[in-house]
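S.K.: got a structure for you, letters missing:
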C-alpha cells in the first residue's frame, strides 16, 4: 500500500523572537499513514499536535519560523520541494480554532475561495458548493459572515471547505469539539464512509472515536508511539492527568456571602444581518438561576442561543423583555458586566496585550488600593497557578494556553459569577477541571456551556438545555 504520508526522523524547534534557545518539539519523530487509512493521534495539549499538522500542510516553518530537520513525503512527493499552494488537492486542514482560517466575507465565498485557485468551471464549483452546504446543514447560512456564526457553525463551514476541495489527506485538529451531537455523528459518518486518508488530532478520547480508526497513536516524549490499544489509553490518561482525582471532588470553597443570579420570563431576539434567508432568532428563558458555589451546565445544538444567553447574563446585550437579577434585584447591563465574567469561546477576542504579565496586570492597575509590589506578587502567583510564563507573548502561545490565560485574567477580576463558553474545547479533561476548580474556589457560581454531554453529566450539579428557542431544566 502506498503511503499517503511518510515522516522520518522529524525534528523541529521554533525560532524565538527573544533570540533564546527553544526546546525541540520533536525528536526523531516518524509516522506512516497508508493511503485511505483513518488515524487518531492523541496527545495532551501543548505537545506539538497543531505544529505537526502545520508542518504537514507546508505552512510551518514557512510562515511560523523555526528549524526543521527530517524528511516528509506526501503521496510520494518530497514536501521540501513543494509550496503550500501546491498541496491544495493533496492535503487540507481544519484548525482547532476555526476563526483563524476564515478569509472570505461569507460562507459561500469561503467555500469558493479554494475552488477558484483550482480553475474549476463555474458549474462544477456550484455543484460542489451546493452539495457541501447541504451535507453540513449550511444552506440557510450561505450569505452569512463568519462574525455572525456560532463556534459550531464555523467548524462546519471548515469541514465543508475540506469537502469541496476533495483533498486526498484530511487533517482534523480537535474537529469534534464545538460540534453538537448531531454534527459529531455526521462527522463520524463522514470519516467512516470517506475514501480519503484522514488524520484526527485530539487531546481527549471521545466516545465518538470508538471503532472509527484503523490505528490510534500517541505523541509522547517528542515521538510517535504505537502501543497496543489496551495499553495506549491508560498511558494517555496518565499523560493528561485524567487518571488523577478530579480537583472538584471534595473541594472546600472559601466562605463568602451567598448570591443568586436569576432570570424570569426573559425574552431575547437576534437577527443575523448578513443572513439573507434567515429568520429572526428568538430565545425564551422562563426560569433560570445560579447560586454561589454552584456548577451548572448548559447544552444545546449549534446556533440554538447558548452564547446569546451568555451575552445577556454578562450585560453585553439587552433582552426585549424580562430582566437579569442578582439576589432578586434587576441589574443594568453595566452593573452585570462587573458581576458576571464571560469567557468567550475564542480566547483571542479577550486577549490584546503583548505579554502575559501585561495581560494579567491590566485590571489590577486600575485598583488604587494595591501597591505595585502587591500587584506584581498577585500576578506572579496567578501565572504559576495557571501554568503561564510572565514573559511569554500570547500570540505565539498555543490555543489551549491562551484559554488558560483568559481564565487567569478573570481569576484576578474575582467575579461572583462566571459563564464558561466551551471552556473544555481543545483542553484535556484534567486541565478543564483544574480551571473550573480555580474559578470556583472563592465561591463563584459557574455556568459551563459544553457539547460534551459525558463531561457535563460527570461534573454538573444541575443542568439546562436549549431547544427550539426555549430554555428548560434538564
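M.R.: Cool, got the structure. All values derive from a computational prediction rather than experimental measurement. Residues are numbered from 1 along each chain as shown.

S.K.: where do the helices sit along the stretch 351-474 of the chain?
M.R.: Secondary structure of the stretch 351-474 of the chain (DSSP state H, counting those that start in this stretch): helices at 356-361, 372-385, 399-413, 429-440, 453-459.

S.K.: and the shortest one, how far out from the chain's middle?
M.R.: I take that to be helix 356-361. Computed by C-alpha atoms, centre = their mean, to the nearest Å, the chain-centroid distance of helix 356-361 equals 22 Å.

S.K.: before we move on, the earlier item: for residue 332, which of the helices of the stretch 351-474 of the chain is the nearest?
M.R.: Closest approach to residue 332 among the helices of the stretch 351-474 of the chain is made by helix 399-413 (18.7 Å; C-beta to C-beta). Glycine gets a C-beta too; all of them are placed from N, C-alpha and C.

S.K.: what's the closest one in contact with?
M.R.: For helix 399-413, contacts defined as C-beta atoms under 8 Å, 6 or more residues apart in numbering pick out 45-46, 50, 96-97, 203, 341, 343-344, 347-348, 350-351, 356, 359-360, 362-364, 378-379, 382-383, 385-388, 394, 397, 418, 423, 426-427, 431, 435, 438-439.

S.K.: returning to that earlier point: now the helices of the stretch 351-474 of the chain as CSV including distance to residue 186, mean pLDDT and mean neighbour count?
M.R.: CSV is the format used below for the helices of the stretch 351-474 of the chain (distance: least, C-beta to C-beta, whole Å; pLDDT from 0 to 100; neighbours: other C-beta atoms under 10 Å):
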stretch, distance to residue 186, mean pLDDT, mean neighbour count
helix 356-361, 37, 96, 22
helix 372-385, 39, 95, 15
helix 399-413, 24, 95, 22
helix 429-440, 24, 95, 22
helix 453-459, 16, 87, 16
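
S.K.: of all those helices, which one comes closest to residue 8?
M.R.: With C-beta to C-beta, the closest approach to residue 8 among the helices of the stretch 351-474 of the chain belongs to helix 399-413: 27.8 Å.

S.K.: angle of the closest one against helix 372-385?
M.R.: 140 degrees (axes from the mean of the first three to the mean of the last three C-alpha atoms, to 10 degrees).

S.K.: any idea how far helix 399-413 is from the middle of the chain?
M.R.: The answer for helix 399-413 is 14 Å, by C-alpha atoms, centre = their mean.

S.K.: buried ones in the helix or strand that contains residue 232?
M.R.: Here residue 232 sits within helix 229-240, counting by DSSP states H and E. Residues of helix 229-240 classed as buried: 232-233, 236-237, 239-240 (neighbour count, 16 or more other C-beta atoms under 10 Å).

S.K.: tell me the helix or strand right after that helix.
M.R.: strand 260-270.

S.K.: ok, and what's touching that following strand?
M.R.: Under the criterion C-beta under 8 Å, 6+ apart, residues 280-292, 305, 308-309, 312-313, 317, 319-328, 339-340, 417, 445 lie in contact with strand 260-270.

S.K.: just those residues: which are in strands?
M.R.: Among the contacts of strand 260-270, the subset assigned to strands under DSSP state E consists of 281-291, 321-326, 340, 417, 445.

S.K.: any figure for the gap between residue 280 and residue 320?
M.R.: From residue 280 over to residue 320 the distance is 11 Å, taken as C-beta to C-beta, to the nearest Å.

S.K.: and for residue 10?
M.R.: To residue 320, residue 10 is 56 Å away according to C-beta to C-beta.

S.K.: least trustworthy helix or strand in the chain by mean pLDDT?
M.R.: Sorting the helices and strands of the chain by mean pLDDT, DSSP states H and E puts helix 453-459 at the bottom, at a mean of 87.

S.K.: bridged to residue 325, which residues?
M.R.: Beta-bridge partners for residue 325, by DSSP bridges, are residue 262, residue 330.

S.K.: I figured it hits residue 336, correct?
M.R.: No: at 9.7 Å, residue 325 does not count as touching residue 336 under the criterion of C-beta atoms under 8 Å.

S.K.: could you pull up phi and psi at the residue nearest to the spatial centre of the chain?
M.R.: Note on the chain: the residue nearest the mean C-alpha position is residue 425, at 4.1 Å, using C-alpha atoms, centre = their mean. When read as degrees, to the nearest 10, the backbone of residue 425 gives phi -60, psi 130.

S.K.: re the thing from before, and which of the buried residues of helix 229-240 is nearest residue 4?
M.R.: Taking C-beta to C-beta as the measure, residue 4 lies nearest residue 232 of these, at 21.9 Å.

S.K.: mind listing what the closest one touches?
M.R.: 42, 216, 218, 225.

S.K.: PyMOL command for the buried members of these?
M.R.: Provided next is the PyMOL selection string for whichever of those are buried by 16+ other C-beta under 10 Å:
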select buried, resi 42+216+218
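
S.K.: need the contacts of residue 232 in JSON lines with distance to residue 373, secondary structure and pLDDT, can you?
M.R.: Shown next, in JSON lines, are the contacts of residue 232 (distance: C-beta to C-beta, whole Å; DSSP: H, G, I helix; E, B strand; the rest coil; pLDDT from 0 to 100):
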{"residue": "42", "distance to residue 373": "44", "secondary structure": "strand", "pLDDT": "97"}
{"residue": "216", "distance to residue 373": "50", "secondary structure": "strand", "pLDDT": "97"}
{"residue": "218", "distance to residue 373": "45", "secondary structure": "strand", "pLDDT": "97"}
{"residue": "225", "distance to residue 373": "47", "secondary structure": "strand", "pLDDT": "96"}
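
S.K.: I am finished for the moment; much appreciated.
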